[in-house]
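Enquirer: What follows is a protein structure lacking sequence information:
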């Protein structure tokens with residue numbers, strides 16, 4: 001018999017309770033007609049503990065959410081709560097748009113919405129992805145992103161977010177980009193209406209934020 005099975009029954013019950021309560025709060029704030037399907041698993045990857053505070057999620061169109069957690073991270077409960085809200089916001093966005101993001105600029109907006117939805121729903125937690133890079137660092141890449149990336153296929157973020165490969169982008173740059181652009185756009189728009197903006201509004205926000213001229 002294994003010395004340890006992860007998660008333990010108690011850990012799974014606690015995680016499931018956190019997810020259920022977070023979903024209920026998110027559904028109350030951002031209601032959908034979609035029946036959301038959530039799959040819960042154990043995160044064995046050290047990066048999820050070390051970088052993501054013990055929680056990771058992924059949302060698939062139209063209504064499926066996968067969430068993994070690991071209790072070795074000190075702040076795993078808050079991270080799990082925020083991750084659940086974040087992934088639910090993706091499903092809410094799918095329903096509002098009636099589709100997935102098709103282009104990279106739409107995905108940038110989608111991530112801005114999901115991050116700030118999580119921030120509003122779980123104000124006591126700040127994901128390390130949001131502030132991994134400061135605006136000055138993101139600004140170094142803005143002209144290239146503006147010229148080369150925004151009209152590309154979405155690829156769920158691709159090299160700009162999680163798979164930099166040989167692109168020259170720092171790992172996870174897109175998450176800080178989306179968070180910062182979302183904060184700027186929220187000065188003029190309510191969160192639900194960010195999904196209605198067009199590319200020109202996103203570019204204008206980026207130019208205000210990242211260009212000196």
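Expert: Structure's in. What do you need? Treat the numbers as computed from the prediction; the structure is a model and nothing was measured. Numbers count the residues shown, from 1 in each chain.

Enquirer: so where is the chain shaky, pLDDT-wise?
Expert: Scanning the chain for pLDDT under 70 picks out 1-2, 213.

Enquirer: got the domain boundaries for it?
Expert: 1-97, 101-213 (automatic domain parsing).

Enquirer: Just send the ones you listed back as TSV, with mean neighbour count too.
Expert: Bear in mind the C-beta positions are built from the backbone N, C-alpha and C, glycine included. Shown next, in TSV, are those (neighbours: other CB atoms under 10 Å):
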stretch	mean neighbour count
domain 1-97	18
domain 101-213	17
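
Enquirer: isn't residue 64 right next to residue 34, touching?
Expert: No - at 10.1 Å, residue 64 does not count as touching residue 34 under the criterion of CB atoms under 8 Å.

Enquirer: Let me see the ranges of the helices in the protein.
Expert: Using DSSP state H, the helices of the chain run over 9-29, 46-50, 76-97, 104-121, 135-144, 173-185, 199-210.

Enquirer: And the ones you listed: which comes nearest residue 158?
Expert: Smallest distance to residue 158 across the helices of the chain (CB to CB): 7.2 Å, for helix 104-121.

Enquirer: which helices and strands sit right next to that closest one?
Expert: Contact analysis of helix 104-121 by 3 or more CB pairs under 8 Å, 6 or more residues apart in numbering; DSSP states H and E lists helix 9-29, helix 76-97, helix 173-185, helix 199-210 as its packing neighbours.

Enquirer: In TSV: those helices, plus distance to residue 117.
Expert: TSV is the format used below for the helices and strands packed on helix 104-121 (distance: least, CB to CB, whole Å):
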stretch	distance to residue 117
helix 9-29	7
helix 76-97	4
helix 173-185	9
helix 199-210	17
